[in-house]
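In: Provided below are the primary sequence and the corresponding predicted coordinates.
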Amino acid sequence: MKSQHSLHILFFSFKVHVIALSQSFLKVMCSRVELNSSRARQSRFLTPFSSMHSRAIHQGQSREKATLSSSHLISETCAKNNRLISGAFLIPYCLMLVFGGLPLFYMELALGQFHRSGCLTIWRRICPALKGVGYAICLIDIYMGMYYNTIIGWAVYYLFASFRSELPWTSCGNSWNTENCVPVLNVSAQHANSTSPAQEFFTRSVLEQHLSDGLDHMGPIKLSLAVCVLAVFILVYFSLWKGVRSTGKVVWFTALMPYIVLFILLGRGVTLPGAADGIRYYLTPQWHKLYNSKVWIDAASQIFFSLGPGFGTLLALSSYNKFHNNCYRDAILTSSVNCLTSFLAGFVIFSVLGYMAHVQNKHIEDVGLEGPGLVFIVYPEAIATMSGSVFWSIIFFIMLITLGLDSTFGGLEAMITALCDEYPRVLGQHREKFVAGLLVFIYICSLPTCTYGGEYLVNLLNIYGPGISILFVVFVEAVGVCWFYGVDRFSSDIQLMIGIRPGLFWRLCWNCISPVFILAIFIFSLVGYEDLKSGDYEYPPWSITVGWILTASSLVCIPAYILYFLASTPGTLKQRLRKAITPQQDSAEHGVNANSTYGTHV
């Protein structure tokens, strides 16, 4: 069971990086903009380029768009089911993609492009009473910023530690090592309690977790980690302060560099001894797994989190598209890039897992260690055994950092765009100061994650910050657009932009299949909920309570704003209810934002 859990976490971490890869391209699409009387648009130079790559990006925007966006058949599902059932898993994956994920993804791209607004202002034109959805998204993005940048900070720490003649996690002769440390290649000396140099480097040198008893006694802030995280926030600020224009210049590097590194790692991985066994393990289907409902739930979750609707990033970035940009083509091609990236990433990781199994004389299922930091243990451990390990380590962590930055750009830009659109005079015209103040606030809030027990807090925020709440947020968003705004009206908007009205398939998905799809994921997530654990550490009951409060804090924005809207709107109850679900018309022409005072300098 331990090895299964280890693989699950490793795949999840890698999946997160796949999300970031696909997501990267969305920002490339917005990387060159030109000023316009109402809102910045992409330049003609990028029209074909953005059409091709926006798709790739749009999907990764969740956030998670984080990292390897679509580890589609690979990452998460495989892991959860003990083996990557890439062949058999294709069936539920494709069905969930076609009927659930892609329609929601297409919906957000079209909404952002037509209404040219962030996740707050846009609700005035869709369903005014559901504006709380936008505030919930902003709060979720803040929670993500509080821990996600810390993880990038860990990668920065590793990057600097790699610049030496020998990687510090290669041997056991360091001050942080214990008597249980056994080099990976010394198979004969390994025993039940043995630990690897890579594991001890992460837990005892980077995190110094042994100096903390958990959330009850997290210990002081580790200065070196706090500095690494500060460096991440500084990079983020100078990438976001001017808006899409400044972000785009950075994204040209952060979007393309990971793909270059991915191909380099693939070339190295497939030449390693044992790589063929890992790839064979990756590609061998287990058809009987299709009878397990968990596989189908995993497929649905994988699709949702890899394409990333609900985090506001798709709305924000697509709002900078030209009005007649073919968002339908973008959605289809982006999803394709997502799938291909995931499939390719599977070869990279399983070739290395096969190599590690060969080196350690173990089965692939037994390669790994328990804990949420496996991306900082298993892969670095494999790199340490290769010739030229310093070079491979440097490019690997550069890739992780660029992927992480891409993801954090998306989440924060979604919130910044939303607030600047909503408060153009107060925030939009002073974007640089607003972004600086926001990032300083988030950095201060993230400092507890830089303590000796910070990893426990990172796990807590990861599960209860965006985890369950984002599912319900997307469900309400789908209901607001598809049922209150109306599929017919929405289809007319799309026809106005691209000249083609969505067919019966898309309208059917938006009317019933997609909302049911996301509601089912939400319900099964609640039913299958298990108390949070981190290795052998069990979280105290009070921390679980705090976690659910975090979840509720974002969800409560939705009913709270509905009550506020009804209370502040004049008229009878019937008139208030009608106004609550009736889109407010403004002077926007064909969806172009009428707030010409929007001052983001993009």
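Out: Structure's in. What do you need? Since the structure is predicted, the reported quantities are computational estimates derived from the model, not experimental observations.
In: where are the low-confidence patches of the protein?
Out: 1-88, 187-191, 244-251, 254, 368-374, 585-602 (pLDDT under 70).
In: what are the ranges of the strands in it?
Out: 33-34, 41-42, 68-69, 533-534, 537-538 (DSSP state E).
In: What's the separation between residue 408 and residue 416?
Out: 12 Å (Cβ to Cβ, to the nearest Å). Where C-beta positions appear, they are placed from N, C-alpha and C, glycine not excepted.
In: let me redo that: residue 306
Out: Between residue 306 and residue 416 the computed distance is 24 Å (Cβ to Cβ).
In: Who has more neighbours out of the two?
Out: Higher neighbour count among residue 306 and residue 416: residue 306, with 37 against 27, using other Cβ atoms under 10 Å.
In: Return the distance of the more buried one relative to residue 514.
Out: On the measure of Cβ to Cβ, residue 306 and residue 514 end up 16 Å apart.
In: Need the CA coordinates for stretch 283-292. CSV is fine.
Out: Presented in CSV, the C-alpha positions along stretch 283-292 are these (Å, rounded to 0.1, in the frame of the first residue of the first chain):
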residue,chain,number,x,y,z
LEU,A,283,1.8,1.4,-21.7
THR,A,284,0.5,-2.0,-20.4
PRO,A,285,-3.3,-1.6,-19.9
GLN,A,286,-5.3,-3.4,-17.2
TRP,A,287,-8.7,-3.6,-18.8
HIS,A,288,-10.4,-5.0,-15.7
LYS,A,289,-9.7,-1.7,-14.0
LEU,A,290,-12.6,-0.2,-16.0
TYR,A,291,-15.0,-2.0,-13.8
ASN,A,292,-13.7,0.1,-10.9
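In: Wait, residue 239 touches residue 402, no?
Out: No - judged on Cβ atoms under 8 Å, residue 239 makes no contact with residue 402 at a distance of 11.4 Å.
In: so what sits against both of the two?
Out: Listed as contacting both residue 239 and residue 402 by Cβ atoms under 8 Å, 6 or more residues apart in numbering is no residue at all.
In: outside of stretch 563-571, which residues touch it?
Out: Looking at what lies outside stretch 563-571 - Cβ under 8 Å, 6+ apart - the contacts are 128-129, 131, 573, 575-577, 579-580.
In: Between which two of those residues is the distance greatest?
Out: Among the contacts of stretch 563-571, the pair separated by the greatest distance (Cβ to Cβ) is 131 and 573, at 19.3 Å.
In: Of these two, which one has the most company?
Out: Higher neighbour count among residue 131 and residue 573: residue 131, with 24 against 9, using other Cβ under 10 Å.
In: okay but that one is in contact with residue 580, surely?
Out: No - assessed by Cβ under 8 Å, residue 131 is found out of contact with residue 580, at 10.1 Å.
In: Skipping adjacent residues, who's closest to residue 443 in space?
Out: Leaving aside its sequence neighbours, residue 443 sits nearest to residue 233 (Cβ to Cβ, 6 or more residues apart in numbering; 4.8 Å).
In: Please list all residues in contact with the one you found.
Out: Residue 233 neighbours (Cβ under 8 Å, 6+ apart): 149, 439, 442-443.
In: Would you quantify the distance from the closest residue to residue 261 other than its chain neighbours to residue 389?
Out: Nearest non-adjacent residue to residue 261, counting by Cβ to Cβ, 6+ apart: residue 399, 4.0 Å away. Distance, residue 399 to residue 389, using Cβ to Cβ: 16 Å.
In: ok, residues contacting stretch 528-542?
Out: So stretch 528-542 is in contact with 214-216, 297, 370-372, 455-456, 459-460, 463-464, 468, 543-544, 547, going by Cβ under 8 Å, 6+ apart.
In: CA-only coordinates of stretch 518-536 in CSV, if you can.
Out: Provided in CSV are the C-alpha atoms of stretch 518-536 (Å, rounded to 0.1, in the frame of the first residue of the first chain):
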residue,chain,number,x,y,z
ILE,A,518,-18.9,18.8,-12.3
LEU,A,519,-21.5,18.2,-9.6
ALA,A,520,-20.8,14.4,-9.7
ILE,A,521,-17.1,15.1,-9.1
PHE,A,522,-17.9,17.4,-6.2
ILE,A,523,-20.2,14.8,-4.6
PHE,A,524,-17.8,12.0,-5.0
SER,A,525,-15.0,14.1,-3.6
LEU,A,526,-17.1,14.7,-0.5
VAL,A,527,-18.1,11.0,-0.2
GLY,A,528,-14.5,9.8,-0.7
TYR,A,529,-13.0,12.3,1.7
GLU,A,530,-10.4,11.0,4.1
ASP,A,531,-8.7,12.8,6.9
LEU,A,532,-5.5,14.5,5.8
LYS,A,533,-2.2,12.7,6.6
SER,A,534,1.4,13.4,5.8
GLY,A,535,3.4,10.2,6.0
ASP,A,536,3.2,9.0,9.6
